[in-house]
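Peer 1: sequence isn't available, so here's the structure alone:
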């Protein structure tokens, strides 16, 4: 570890400072936006035109092309946010906290989308908009965790303390993510089990899987773009005088 | 191609409300997020300008 540190420390430290990260993020954003648009359009094409009708759920199953990627990113972005928050606590690095803050709204947005699209799937398939099933309940708790994270940050005036307190909340709440993921295995849920898993062959047609994966990569690139735009806003807002000076604005 | 006519495509086998509702909410939320960020960037750009002069 020591060796690695001395070899790479210059590069890492360089991009750990908001001042150098700001222009780097600016260069990445257009590429992410363009590739996100291309992949989402391609994913929509597969999902709406190429993928066949499901033999059990008819055309209603097409909701999964947005529901599943949104649900994946609601969980993945939470873990990423908790990781940056943890990194912030350990290294006391400002940029890590800013990243965690920038990830939260997008994670919350995908959680809301997963819940609403799930509800729109539940009504025709189960006959109910909502059931207090382990999967649905734990996903709702995820939304509350995101909301708790923003509220805590907004409630504490001292930015440094707000960052630390909300980082602890983000880390403690991370325990909910494996609960969401494994809920369909651990409990007898109305929500169906995973159709795609790392351990076994996917239980769905290849073309459906392809559409879902293309859409997921598109959502991932969208998330990166939005998070980078937001972290640039954070950098400017938190230290606008210093930032203005350094960036020559 | 799965569809024989535009109407058939729009009807989504009777699931039109649920399917189009889901896609609409997903992309609507994403567009709304981008719009909010655009507003925020504009606000910051203006504040930075005012500080500069």
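Peer 2: Perfect, I can see it now. Computed from a prediction, not measured in an experiment: that's the story for all the values here.
Peer 1: all helices of chain B, in order?
Peer 2: Here chain B has its helices, by DSSP state H, at B:6-11, B:16-52.
Peer 1: CSV for the ones you listed, including mean neighbour count, distance to chain A and mean pLDDT?
Peer 2: For glycine as for every other residue, the C-beta is placed from the backbone atoms N, C-alpha and C. Shown next, in CSV, are the helices of chain B (neighbours: other C-beta atoms under 10 Å in any protein chain shown; distance: least, C-beta to the nearest C-beta, whole Å; pLDDT from 0 to 100):
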stretch, mean neighbour count, distance to chain A, mean pLDDT
helix B:6-11, 12, 8, 87
helix B:16-52, 15, 4, 91
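Peer 1: after the worst-scoring helix or strand of chain A on mean pLDDT, next one along is what?
Peer 2: Across the helices and strands of chain A, mean pLDDT, DSSP states H and E gives its lowest value to helix A:2-16, namely a mean of 52. Toward the C-terminal end, the helix or strand that comes next after helix A:2-16 (DSSP states H and E) is helix A:18-45.
Peer 1: tell me the buried residues in that next one?
Peer 2: A:18, A:21-22, A:25, A:29, A:32-33, A:35-36, A:39-40, A:42-44 (16 or more other C-beta atoms under 10 Å in any protein chain shown).
Peer 1: among those residues, which two are most distant?
Peer 2: Spatial extent of the buried residues of helix A:18-45 (C-beta to C-beta) is set by the pair A:18 and A:44 at 36.1 Å.
Peer 1: ok, the residue nearest the centre of chain A - contacts?
Peer 2: Centroid-nearest residue in chain A, with C-alpha atoms, centre = their mean: residue A:77, separated by 2.6 Å. By C-beta atoms under 8 Å, 6 or more residues apart in numbering or on different chains, residue A:77 lies in contact with A:103, A:106, A:107, A:110, A:223.
Peer 1: let me know the pLDDT of the second one.
Peer 2: Looking at residue A:106, its pLDDT is 97.
Peer 1: swap in the last one?
Peer 2: Confidence at residue A:223, expressed as pLDDT, is 97.
Peer 1: surely it touches residue A:106?
Peer 2: Yes: counting by C-beta atoms under 8 Å, residue A:223 touches residue A:106, with 5.4 Å between them.
Peer 1: common neighbours of these two, please.
Peer 2: Common contacts of residue A:223 and residue A:106, defined by C-beta under 8 Å, 6+ apart, comprise A:73, A:77.
Peer 1: who in chain A is up against chain B?
Peer 2: A:44, A:48-53, A:58-60, A:62-63, A:66-67, A:70, A:105-106, A:109, A:112-113, A:116-117, A:120-121, A:123-124, A:222, A:226, A:229-230, A:232-233, A:236-237, A:240-241, A:243-244, A:249 (C-beta under 8 Å from any C-beta of the partner chain).
Peer 1: which non-adjacent residue is nearest residue 33?
Peer 2: Went with chain A since none was named. Distances taken as C-beta to C-beta, 6 or more residues apart in numbering or on different chains put residue A:225 closest to residue A:33, at 4.9 Å, once the chain neighbours are dropped.
Peer 1: the intended chain is chain B.
Peer 2: Closest to residue B:33 by C-beta to C-beta, 6+ apart is residue A:109, at 5.5 Å.
Peer 1: that's a helix at the one you found, yeah?
Peer 2: Yes: in this structure, residue A:109 lies within a helix as judged by DSSP: H, G, I helix; E, B strand; the rest coil.
Peer 1: list the buried residues in the helix or strand in which residue A:112 is found.
Peer 2: Assigned by DSSP H and E, residue A:112 belongs to helix A:94-126. Within helix A:94-126, the residues scored as buried using 16+ other C-beta under 10 Å are A:94-125.
Peer 1: show me what that helix is packed up against.
Peer 2: helix A:18-45, helix A:64-91, helix A:134-155, helix A:159-173, helix A:206-238, helix B:16-52 (3 or more C-beta pairs under 8 Å, 6 or more residues apart in numbering or on different chains; DSSP states H and E).
Peer 1: shaky segments in chain A?
Peer 2: A:1-15, A:197-203, A:240-249 (pLDDT under 70).
Peer 1: what about 90?
Peer 2: A:1-24, A:26, A:50-60, A:92-94, A:125-128, A:131, A:133-134, A:157-160, A:181-208, A:235-249 (pLDDT under 90).
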